[in-house]
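Student: this one's sequence-less:
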């Protein structure tokens, strides 16, 4: 039951974050298609952040599914993750408004990096509570995808100062990498269940 | 249980979308009824979009009720639907502010069309997971109402450039068409349950 | 289960409405207590509307608790109620900003009247589905409190044009009348349960 | 079940409050890191309030977990708590925008004090419903942490007029005091369960 409320609260926060971003797309005063053109970078940033938050929601969903109990440490690691995710609308809007200028593009990557780091901490807390020989531990393995993402964010933050569009391409690339939900956990848990039932 | 969290997240996003639209109705500075008159088109747009989002919530409710399991494809098809629906407040506000000018009225129809298309994809994903001989497949049949709506949106987008008010009348008409929740699914599932129980 | 999702969606919308009202209280630029004084009518309006939405949430909670099944008509009657409640922040803000000027104070009462009317329709739909000899029907009886509230709102709307503060006092009075949750339903249902168990 | 809906509504309101605060961090028009510097006090205020709302969510979670039944008094005590918490974004923003000026820093403490007082009332209501010899009563004991917090807020409100930064340090200190969730309840309930199961 405690997990249920943790999920409900996280869902609420993620649903709000994903939705308030669209409030930043200010309606143009003119009634022409040309008036929409300056909004294009804002729209593209919004779409990318929507996908990122969708990815976090999906993976968070799978991760918590694997948590059989919720400790105080997990609660706070979860809030820590939500804190960095709550800054995504700010970074998204700044990057869009300035049409992918260097500093905002770097800040966007920094927020993604800190969120990825917070996710990694949350994952570690849940792993710690579940044990090293749990289905989750087996599912995550060496967590290559997580490590590669963090490395790529770091590279993109640096590249943003030279070529912001390259950094942006990296953000899109990492999103594509994760678009597939973390089936490893799902599969391993299913296998674990199967084993438990079969055994 | 997975479906439960998908529903909770979708409910959260839909509840926020339906509510933030009202934030766009800026309070007039004067304290007279005359000051409310310029808000009339904004109010009418809000009321129409409220009804549309209510329709989506109702039908989404019935559709997910028919999904016995949730795959990764369904999760993403659902997020895709929420993405287009999240643009409804923007289109609503633009159309209202410009008093149903051609371009914004066409964009409003385009957003409705893309949301309807996303709903159709989600429906297809759930049908794919349930199977062609499922109760849902029987309930939807040839999905005439869905196809007619999409055709009407397409027509309205074109008409908006010539006579925006005709396009608006079409949007109102399609909403009336859907105001009745999708009882086909409900009925067929009830029948299916009855059959299962009776047989 | 269907009722669960209806409650969750309604809770989401009510939670958002109750919270976004506070966004209208704009932070003063000066850092003195004197700068807070012009906000006083806005704050008072906010507090009153918070109480009203709390009352609606409480009574809605009891009412849906009594609904053993959810029909399409109930779904739409519920959305209709949420529509008028979603206009409360607008009316609240307008009334507060104009320091209880006649027209905004009348509009506030009108929104409350329409919400009360929508609640009455929802109640009728649920009664219709439950039957005239249900515990709910017995609990509501002649629904005197509901009828008195609607009459008082109507009077206040008229009075607002002459003496807005009297209208405001009426709104506060009706809120106090309802501050006690609708125990009639609770009690009657408990009695009904007792009877069912005892019999 | 009633408790479930109370938790869901509270979670919704808390999730919205915690998230809308970030909307107040206005995106700078310039695309440089220097443009972020004036936002630092706003960011620090946001981070502190995020932690406070996280603490309230955690403790609220534990407290309601201990409530075996929900009375009308508990419902209203809960709404009363949510009312003061809903003013946190306003106070946070004002304090941040004015760079921790005396009056806004005092108002921030006042809002925290009133929220703490409302939490204390809610706690009393739940204790009253559970009884003096309940696990919750034993867990809370003399509630020293609660009393110290309220005293510290009171001191900080006074100090804010002389040295706002000292008041801010007190707010941070109280947050650190509470960062550990209220394990007393958790432990005592676990012990109570153990006893019940063991006996």
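Tutor: Thanks, I have the structure now. Quick caveat: nothing in here was measured; it's all calculated off a predicted structure.
Student: can you find the helix or strand of chain A with the lowest average pLDDT?
Tutor: helix A:183-198 (a mean of 51; mean pLDDT, DSSP states H and E).
Student: can you pull the poorly scored residue ranges out of chain A?
Tutor: Residue ranges of chain A with pLDDT under 70: A:1, A:180-199.
Student: and it, which residues reach chain B?
Tutor: A:7-8, A:11-12, A:14-16, A:18-20, A:22-23, A:25, A:27-33, A:35-36, A:47, A:50, A:54, A:57-58, A:61, A:65, A:179-181, A:183 (C-beta under 8 Å from any C-beta of the partner chain). Using the backbone N, CA and C atoms, a C-beta is placed for each residue, glycine as well.
Student: show me those that map onto helices.
Tutor: Members of the residues of chain A next to chain B lying in helices (criterion: DSSP state H): A:7-8, A:11-12, A:14-16, A:18-20, A:47, A:50, A:54, A:57-58, A:61, A:65, A:179, A:183.
Student: of the residues of chain A next to chain B, keep whichever come out buried.
Tutor: The neighbour count (16 or more other C-beta atoms under 10 Å in any protein chain shown) marks A:7-8, A:11-12, A:14-16, A:18-20, A:22-23, A:25, A:27-28, A:31, A:35-36, A:47, A:50, A:54, A:57-58, A:61, A:65, A:181 as buried among the residues of chain A next to chain B.
Student: following the lengthiest helix in chain A, which helix or strand comes up?
Tutor: Criterion DSSP H: the longest helix present in chain A is helix A:102-130. Using DSSP states H and E, the next helix or strand after helix A:102-130 towards the C-terminus is helix A:135-140.
Student: now do the buried residues in whichever helix or strand comes after that following helix.
Tutor: Per DSSP H and E, the first helix or strand lying C-terminal to helix A:135-140 is helix A:144-160. Neighbour counts over helix A:144-160 (16+ other C-beta under 10 Å) mark A:145, A:146, A:149, A:150, A:152, A:153, A:156, A:157, A:159, A:160 as buried.
Student: also stretch A:110-127?
Tutor: Neighbour-count burial for stretch A:110-127 flags A:110-120, A:122-123, A:125-127 (criterion: 16+ other C-beta under 10 Å).
Student: for stretch A:126-145, same thing?
Tutor: For stretch A:126-145, burial by neighbour count (16+ other C-beta under 10 Å) applies to A:126, A:127, A:129, A:130, A:134, A:135, A:136, A:137, A:139, A:140, A:143, A:145.
Student: now that stretch, how far from the chain's geometric center?
Tutor: For stretch A:126-145, the separation from the chain centroid amounts to 19 Å (computed by C-alpha atoms, centre = their mean, to the nearest Å).
Student: can you give me the end-to-end distance of that stretch?
Tutor: 18 Å (C-alpha to C-alpha, to the nearest Å).
Student: ok, now stretch A:10-29?
Tutor: End-to-end for stretch A:10-29, by C-alpha to C-alpha: 36 Å.
Student: do the same with stretch A:158-167
Tutor: 8 Å.
Student: which positions within it qualify as buried?
Tutor: By 16+ other C-beta under 10 Å, the buried positions in stretch A:158-167 come out as A:159, A:160, A:164, A:167.
Student: can you tell me which two in those are farthest apart?
Tutor: Across the buried residues of stretch A:158-167, the longest distance by C-beta to C-beta is 8.1 Å; it joins A:159 and A:164.
Student: one step back: tell me, which of the residues of chain A next to chain B make contact with chain D?
Tutor: Checking the residues of chain A next to chain B against chain D (C-beta under 8 Å from any C-beta), the matches are A:8, A:12, A:16, A:20, A:23.
Student: got a markdown table for the buried residues of stretch A:126-145, with distance to chain C too?
Tutor: Formatted as a markdown table, the buried residues of stretch A:126-145 follow (distance: C-beta to the nearest C-beta, whole Å):
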| residue | distance to chain C |
| --- | --- |
| A:126 | 26 |
| A:127 | 31 |
| A:129 | 28 |
| A:130 | 29 |
| A:134 | 31 |
| A:135 | 29 |
| A:136 | 28 |
| A:137 | 34 |
| A:139 | 30 |
| A:140 | 32 |
| A:143 | 34 |
| A:145 | 33 |
